[in-house]
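S.K.: just the structure for this:
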Amino acid sequence: MDFGFSDEEKLFAESLRQFARTKLKPEYRKWDAGTPYPREKLRELASMGVTALRVPEAYGGVDASYVMTGIASEELARGDYNVTLFLQLGAMCANIIAKHGSEGVRREWLPTIASGERLLALGLTEPGAGSDAAAIKTRALREGDYYVLQGEKASITFAGSADACIVFARTSESERGARGISALLVPLDIPGVSRQVYPSAGEKLTRRGSLIFDGARVPADHLLGAEGGGFAQALSGFDYNRALIALASLGAAQESLEETIEHAKQRTTFGRPLAEREGVSFQIAEHLTLVASARLLAYQCLALCDRGQRHSKEGAMAKWLGPKVAVEAIHACIILHGWMGYSDEMPFVQRLRDVIGLEIGDGTPEIMKGIIARETFGRNFMIYK
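M.R.: Here you go, the predicted structure:
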């Protein structure tokens, strides 16, 4: 077993860490007001290879490993946790388009994802269908050379700024559950599409919100894969993306802990540095240990994915544990900084609000535990199959 990175992976991590600290971190607070992220900033990320990681080389991408993608998620989060969502959505959407899109769709969209010229969203969740994704009601019925889209997608990352969305909708009137769900690449500038951005506690850079489709006509060749195959496409992406979410959370937590370690060395109370007090140093020791443990679990998931092995359980474990550990660590950093840690002058409260959001996204902790139990006991022992 090899627990280390290759020289190439180490160099990639170091370059992204420097980029995160010098370019992203100074502006982290700036985007907390919900200001749209400038496209030139997205193209700057693209120049670092971030948006091209899971795009095939034939379409202008890097075709990087999942482990390399995880490194990017962890390191970028040290500067700006929200920026990792450009990576996550880019990777998931590029994977789906590369595997299931027509050649025309691949040639039109994949190079622009890689270059940062276009931003994609993923539309699965609905007002009445979150973790129970098979309950979605959005319809896409075939009319000649088009699918007519009707319905609403809720809590969609980049709803306010994406150029297109991979929308999961029912293309069959007779099929029930997951079987009738298909995936379509929907440009968001066509008639019949409207948006609503939510006021959120965190992740404001992402402009999360709703996409409403009222008779939007989507070209039939924008169907991704066969009719009825969309749900499987979504699930295949969630498993590894859960590890990316965990690593982003842990990257933010690790940066917070390192900042707190320096604070504890410099801050004195009653004539002694905080670092000399076991009540402080032992807390940091505990959180460093938990972060390191969750980090290894996330990379195990991605390594299994790279080898083509099952990783649903590991992805769910990482997604449950990573954000939980990160929230607890960042909260401790707030307390250990005293009132200054609670102020907007420090990044801790913003990081806490951001990380809590992805305790929910891609499946709640309860759903993650359900997946772990299903993979352990088998589907026959589950209330839902």
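S.K.: for the rest of this, base every contact and every neighbour count on C-alpha atoms.
M.R.: Noted.
S.K.: how about the strands in the stretch 151-300 of the chain?
M.R.: All strands of the stretch 151-300 of the chain, identified by DSSP state E, counting those that start in this stretch, fall at 164-170, 181-187, 193-197, 209-219, 223-224, 268-269, 272-273.
S.K.: skipping adjacent residues, who's closest to Q300 in space?
M.R.: Closest residue to Q300 apart from its sequence neighbours, by CA to CA, 6 or more residues apart in numbering: E314 at 7.4 Å.
S.K.: pull the distance from the helix or strand where the one you found lies to the chain's centre.
M.R.: With secondary structure defined by DSSP states H and E, E314 is part of helix 312-336. The gap between where helix 312-336 is centred and where its chain is centred comes out at 15 Å by CA atoms, centre = their mean, to the nearest Å.
S.K.: list the buried residues in the very next helix or strand once past that helix.
M.R.: Scanning forward in sequence from helix 312-336, with DSSP H and E defining helices and strands, the next element found is helix 348-360. Of the residues in helix 348-360, 348-356, 358-360 count as buried by neighbour count, 16 or more other CA atoms under 10 Å.
S.K.: which pair in the residues you listed spans the largest distance?
M.R.: Every pair in the buried residues of helix 348-360 was compared (CA to CA); the two farthest apart turn out to be F348 and I360, at 19.3 Å.
S.K.: low pLDDT regions in the stretch 1-150 of the chain?
M.R.: For the stretch 1-150 of the chain, the stretches flagged by pLDDT under 70 are 1.
S.K.: the same query, at a cut-off of 90, please.
M.R.: Low-confidence segments of the stretch 1-150 of the chain, defined by pLDDT under 90, are located at 1-4, 33-36, 128-136.
S.K.: which residues in it form helices?
M.R.: 7-19, 39-47, 66-77, 84-100, 103-115 (DSSP state H, counting those that start in this stretch).
S.K.: okay, the angle between the third one and helix 348-360?
M.R.: Counting by axes from the mean of the first three to the mean of the last three CA atoms, to 10 degrees, helix 66-77 lies at 150 degrees to helix 348-360.
S.K.: what packs against helix 66-77?
M.R.: helix 7-19, helix 84-100, helix 230-266, helix 278-306 (3 or more CA pairs under 8 Å, 6 or more residues apart in numbering; DSSP states H and E).
S.K.: flag every buried residue along stretch 130-146.
M.R.: Neighbour-count burial for stretch 130-146, counted by 16+ other CA under 10 Å, picks out 130-131, 133-142, 146.
S.K.: same question for stretch 173-191.
M.R.: Along stretch 173-191, these residues count as buried under the neighbour rule (16+ other CA under 10 Å): 178-188.
S.K.: for stretch 193-207, give me every contacting residue.
M.R.: Counting by CA atoms under 8 Å, 6 or more residues apart in numbering, the neighbours of stretch 193-207 from elsewhere in the structure are 31-37, 82, 85, 157-161, 208-214, 216, 350, 353-354, 356-357.
S.K.: now do the end-to-end distance for that stretch.
M.R.: Between the opening and closing residues of stretch 193-207 we find a distance of 16 Å, counting by CA to CA, to the nearest Å.
S.K.: tell me the mean pLDDT over that stretch?
M.R.: Mean pLDDT, computed over stretch 193-207, is 95.
S.K.: distance from the chain centre to that stretch, please.
M.R.: 15 Å.
S.K.: from the centre of this structure, point out the most distant residue.
M.R.: G271 (44.5 Å; CA atoms, centre = their mean).
S.K.: where does it land on pLDDT?
M.R.: If you check G271, the pLDDT there is 93.
S.K.: I335 versus that one, what's the distance?
M.R.: G271 sits 20 Å away from I335 when distances are taken as CA to CA.
S.K.: hang on, G79 packs against R29?
M.R.: No - the pair G79 and R29 fails to qualify as a contact (CA atoms under 8 Å) at a distance of 10.4 Å.
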